[in-house]
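K.L.:
quick one, structure for this:
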Amino acid sequence: MAPPRYQIKLTAGERLDLERLTKTDKTSARKFVIARALLLCDLGDNGPGWKVADVAAALGITTRTIEHLKRRVAEEGVEAALQRKTQLKPSREIIFDGAFAARLTTLACSRAPKGHARWTVRLLAEKVVELKIAPTVSTMTIQRTLKKTNCNLT
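P.N.:
Predicted coordinates:
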């Protein structure tokens, strides 16, 4: 078995801060689990130095999560590991609001393109991009939006 990639050796001050986090009522569940995992993985003088698999089983998280946590502590420090990472890009660039739904409904209620008897979700998605209503759109977004407006394509 390969040796662990990252080893955590907490200072006395870091250990005290983490123990304080695990004993207060105001700590979020996420921070509590992270603090507990770091305390159990500590290979320092006062730490128990548990194996990753044992810590994962005790806390009900995956070994991969613990390895990621250990890497983050080694690279950025304990405080950074306790905080959530800031997103580099927004989770959703395009916001499909009421104006989008109105334009989509108008398009779906119009005549189908030549060569087609009716609109399909795929045809609507292609037309929305072609008309620059949205830069990109999935067929599921079209389907969900039409479902919310009770629009039936048949």
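K.L.:
what does stretch 147-154 contact?
P.N.:
101, 105, 108, 109, 118, 119, 120, 121, 146 (CB atoms under 8 Å, 6 or more residues apart in numbering). (Glycine included, C-beta is placed from N, CA and C.)
K.L.:
swap in 10 Å and give it another go.
P.N.:
101-102, 104-105, 108-109, 112, 118-121, 123-124, 142-143, 145-146 (CB atoms under 10 Å, 6 or more residues apart in numbering).
K.L.:
may I see the buried residues of stretch 136-151?
P.N.:
For stretch 136-151, a neighbour-count test (16 or more other CB atoms under 10 Å) marks 137, 141, 142, 145, 146 as buried.
K.L.:
same deal with stretch 121-141?
P.N.:
Quick answer for stretch 121-141 (16+ other CB under 10 Å): 121, 123, 124, 125, 127, 128, 133, 134, 137, 141.
K.L.:
before we move on, what about stretch 22-36?
P.N.:
In stretch 22-36, counting by 16+ other CB under 10 Å, buried: 27, 31, 32, 33, 34, 35, 36.
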